[in-house]
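Next input, structure requested:
(one chain, ligands or ions: 1)
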Amino acid sequence: MNIPRSSYPRIVIIGGGFGGISLAKKLAHKEVQVVLLDKHNYHTFQPLLYQVSTGGLEPDSIAYPIRKVLKDYPNFFFRLAEVFQIHPEKKSVVTNIGTLHYDYLVLATGSETNYFGNSEIEKNGMSMKSIPESLNLRSLILENFEQALLTDDLHERDALMNFVIVGGGPTGVELAGALAEIKKGILPKDYPDLDTRRAQINLVQSNGRILKEMSEEASSKAEDFLEKLGVQIWKNTRVTGYDGKLATTATELTFETATLIWAAGVKGALVQGLDAKDLLSGGRIRVNEFNQVEAWPNIFAIGDVACLVSEKYPRGHPMMAQPAIQQGRSLGENLIRLIEDKPMKPFSYWDKGSMATVGRNKAVVDLPKFKFQGVFAWFVWMFVHLFFLIGFRNRMVVFVNWVYNYVRFDREARLIIRPFNKDYSAFKD
Ligand SMILES: Cc1cc2nc3c(=O)[nH]c(=O)nc-3n(C[C@H](O)[C@H](O)[C@H](O)COP(=O)(O)OP(=O)(O)OC[C@H]3O[C@@H](n4cnc5c(N)ncnc54)[C@H](O)[C@@H]3O)c2cc1C
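Numbering: from 1, shown residues only. A predicted model of the protein is given here:
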C-alpha cells in the first residue's frame, strides 16, 4: 500500500463514516500514524439519502471527500480499499489493494441491509443504504412513470405506479412522505397525460406502530401526517416475498408493484476474521465499555457494527449517527491513553433524542425533556441535519435547495442519469 513505516504506533481505521471520521479527527496531531481505509473515497450523510432517491437533492451535496477531511492532519494516510479479511493473530488486514499491518485496529464499517435470509426480496427489492443504491431507486421511480405512460392497460399502469415501502422506521416514514409529496405536487405537472391520482404509496410495518423506537406521540402524529398525505399504512403486516411483480404478506394481502423498497432492517457490516459467532451480539461485534473486542485487546469497534451492552442498552446502542460519533471521540481519547499506558475511560452515551420528518412543515421530535411535532419540529429537523452535514459547500447547497424546493414546491433532481433498467416483461402478461 506504499505507506511508510514510522516510529509512531499505526492505527488502522476501517470505514470513513460517522464513527471513523470522528475518531480520525480526535487523533489529529497526536503521536500516531493513522491509516483510514474505505471502499468509497467519500463520506456519506445517510440521513439524507431519501432526498437523493426522491430528486430533492443531488448526491454530491450529501457526500464529502474523505481526503479533504484528513488533508491538514500529519501522519494520516487514506487508501481507497475494501477490506476482505482480518488476521488478528498476525495483526494484519487483507484488502483488494494489498495487506496492511496494524498496531491497533478499529472497525467502523457501519451496517448493511438485513433481509433476514429472504433471498427473493434481496434479489428483487430495492434498498437505500448508499448513494449508488439511492440513485438506482431514483431512476426506477422515474422509469416506472415513463413506462406507465406507454401502456393503456389500467391494471399494468396501476402496478407501475404502486410503491411498497417495507419498514415503518424513520427511513420508511421519510421516504413515504417524500413520495406522497411528489405524487401531489410534481407528478400532475410532469405527466399531464397520466392519471397520477391512481399512484399509491403503501407503508408496511410488521408491528403495531410506526416509528416504534420513538414516543407514542411521535408515532401517532407521524401516522396522522402520512394519512393526510394519502399514504396507506398497513400495520401488523409482515411482507414475506417479492418476485419483482407481486409482494406477498403473511396474511392474504398482496401488492402488485414494480417497486418494493426494503427499509425493514439493518445488521452490522462484518469483515471475515471478526465474524465468529462467539464475538457477536445481535449480529454486531461485541465490545466492552472501552469499545474493545475482548478477545483481541488491540482491536476496537465503534458505531453500527459495534454492540456495547449495558444495563440501559441491553441490545447495544441504537444504530444511529450520534452513538457512532460519540464512540469515535471516546475511542480517540482512549487509544492515546492506552498508548501512554494510562487507564482508559468507559464510554458513556449522551442521548440527544431522535427525530423524523414526514414532509413539508411536518416532523416529529423527541428530545430527552420535550416532545413536539409539526412546523417547529420541521425547522429543528432541518437545522440539525444542516449542522451535522460535513463541509460548508454541502451545507450551502442543501440549504439553497431546500429553500428553492420550499418556495417552488419542486424537486429538480428528478433525472435518470444512470438508468436502472428493470425488466418489465412480467407486467405485460
Ligand atoms: C437511509 C438512512 C437514513 C438514516 N437516517 C438517520 C437519521 O436520521 N439519524 C441518525 O442518527 N441516523 C440515521 N441513519 C443511521 C446512521 O446513518 C448510521 O447509524 C451511521 O451512519 C453509523 O455510522 P458508522 O460510522 O457506524 O457507519 P457508516 O456511516 O455507515 O460508515 C461505514 C463506512 O465503512 C465503509 N465500509 C464498510 N465496509 C467496508 C469494508 N469492508 N472495507 C472498506 N470500507 C468499508 C463504508 O463505505 C462506509 O463509508 C440512517 C441510515 C440510513 C441508511
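
how close does Thr113 get to the ligand?
For Thr113, the distance to the ligand (Cβ to the nearest ligand atom, to the nearest Å) stands at 8 Å. For the C-beta atoms, the positions are set from N, CA and C on the backbone; glycine is no exception.

Does that residue touch Ile121 like I think?
No - counting by Cβ atoms under 8 Å, Thr113 does not reach Ile121; the two are 9.8 Å apart.

any idea how this protein splits into domains?
10-39+81-113+267-339, 119-264+360-428 (automatic domain parsing).

export those to CSV and tack on mean pLDDT and mean neighbour count?
Formatted as CSV, these follow (pLDDT from 0 to 100; neighbours: other Cβ atoms under 10 Å):
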stretch, mean pLDDT, mean neighbour count
domain 10-39+81-113+267-339, 96, 20
domain 119-264+360-428, 95, 18
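
of all those, which lies closest to Ile62?
Nearest to Ile62, of all these, is domain 119-264+360-428, at 6.9 Å by Cβ to Cβ.

Checking my notes, Ser348 in a strand, right?
No - if the criterion is DSSP: H, G, I helix; E, B strand; the rest coil, then Ser348 is coil and not within a strand.

tell me how far the helix or strand where Arg79 lies is from the chain's mean position?
Per DSSP states H and E: Arg79 is located in strand 76-80. Put simply, strand 76-80 sits 23 Å off its chain's centre (Cα atoms, centre = their mean, to the nearest Å).

Mind giving me the packing neighbours of it?
The contact analysis (3 or more Cβ pairs under 8 Å, 6 or more residues apart in numbering; DSSP states H and E) places strand 76-80 against strand 33-38, helix 66-70.

Can I get whatever helix or strand comes next after it as CSV, trimmed to CA atoms?
Following strand 76-80 in sequence order, the next helix or strand is strand 83-87 (DSSP H and E). The C-alpha coordinates for strand 83-87 follow below in CSV (Å, rounded to 0.1, in the frame of the first residue of the first chain):
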residue,chain,number,x,y,z
VAL,A,83,-11.2,-4.9,3.5
PHE,A,84,-12.0,-8.6,3.0
GLN,A,85,-10.3,-10.3,5.9
ILE,A,86,-8.7,-9.6,9.3
HIS,A,87,-6.0,-11.8,10.7
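
touching the ligand at all, strand 83-87?
Yes - counting by Cβ under 6 Å from any ligand atom, the ligand has neighbours in strand 83-87: Val83.

Hey, what's the angle from that strand to strand 33-38? Just curious.
Angle between the axes of strand 83-87 and strand 33-38 is 130 degrees (criterion: axes from the mean of the first three to the mean of the last three Cα atoms, to 10 degrees).

And the next helix or strand past strand 83-87?
strand 92-95.

quick check, that following strand touching the ligand?
No - remark: strand 92-95 sits outside contact range of the ligand, by Cβ under 6 Å from any ligand atom, the gap being at least 7.1 Å.

Direction included, what does that strand pair up with?
strand 83-87 (antiparallel), strand 98-101 (antiparallel) (DSSP bridges).

now the shortest one: how far from the chain's centre is it?
Right, the one you point to is strand 98-101. 29 Å.

would you put the C-alpha positions of it in CSV?
The C-alpha coordinates for strand 98-101 follow below in CSV (Å, rounded to 0.1, in the frame of the first residue of the first chain):
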residue,chain,number,x,y,z
GLY,A,98,-2.8,-5.5,-0.6
THR,A,99,-2.2,-6.4,3.0
LEU,A,100,-1.5,-4.0,5.8
HIS,A,101,0.0,-4.5,9.3
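
Now look at it and say if it contacts the ligand.
No - remark: strand 98-101 sits outside contact range of the ligand, by Cβ under 6 Å from any ligand atom, the gap being at least 11.8 Å.

near the ligand, which residues of the protein?
Close to the ligand, as judged by Cβ under 6 Å from any ligand atom, the chain has residues 14-20, 37-40, 46-47, 49-50, 82-83, 108-110, 128-129, 170-171, 269, 271, 303-305, 319-322, 324.

Counting only strands, which of those make the cut?
14, 37-38, 83 (DSSP state E).

what sits against the residue lying closest to Leu253 once chain neighbours are set aside?
Excluding its sequence neighbours, the residue lying closest to Leu253 (Cβ to Cβ, 6 or more residues apart in numbering) is Thr237, at 6.3 Å. By Cβ atoms under 8 Å, 6 or more residues apart in numbering, the contact list for Thr237 reads 204-206, 249-251, 253.

Tell me the secondary structure at Thr237.
coil.

contacting residues for the residue in the stretch 101-250 of the chain positioned nearest to the ligand?
Nearest residue of the stretch 101-250 of the chain to the ligand: Gly110, at 2.5 Å (Cβ to the nearest ligand atom). Counting by Cβ under 8 Å, 6+ apart, Gly110 touches 15, 17, 19, 269, 303-305, 324.

Can you show me the helices along the protein?
18-27, 49-53, 66-70, 119-124, 131-149, 154-160, 170-185, 187-190, 216-228, 321-339, 375-388, 392-408 (DSSP state H).

Show me what the fourth one is packed against.
The one in question is helix 119-124. Here helix 119-124 touches strand 239-242, strand 259-262, going by 3+ Cβ pairs under 8 Å, 6+ apart.

Counting by contacts, list what the last one packs against.
Contact here means 3+ Cβ pairs under 8 Å, 6+ apart; on that basis strand 259-262 packs against helix 119-124, helix 131-149, strand 162-166.

Now do the first one: everything it contacts.
If you take Cβ under 8 Å, 6+ apart as the criterion, helix 119-124 is touched by 113, 115, 239, 241-244, 260, 262.

Save these as CSV, and put in distance to Ala148 too.
Formatted as CSV, these follow (distance: Cβ to Cβ, whole Å):
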residue, distance to Ala148
Thr113, 27
Tyr115, 28
Val239, 23
Gly241, 24
Tyr242, 19
Asp243, 20
Gly244, 16
Leu260, 17
Trp262, 22
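
which pair in those residues spans the largest distance?
Thr113 and Asp243 (18.5 Å).

before we move on, the earlier item: same list, the helices of the chain, but as CSV with distance to Val358 please.
CSV is the format used below for these (distance: least, Cβ to Cβ, whole Å):
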stretch, distance to Val358
helix 18-27, 24
helix 49-53, 11
helix 66-70, 32
helix 119-124, 25
helix 131-149, 18
helix 154-160, 25
helix 170-185, 4
helix 187-190, 18
helix 216-228, 4
helix 321-339, 20
helix 375-388, 9
helix 392-408, 15
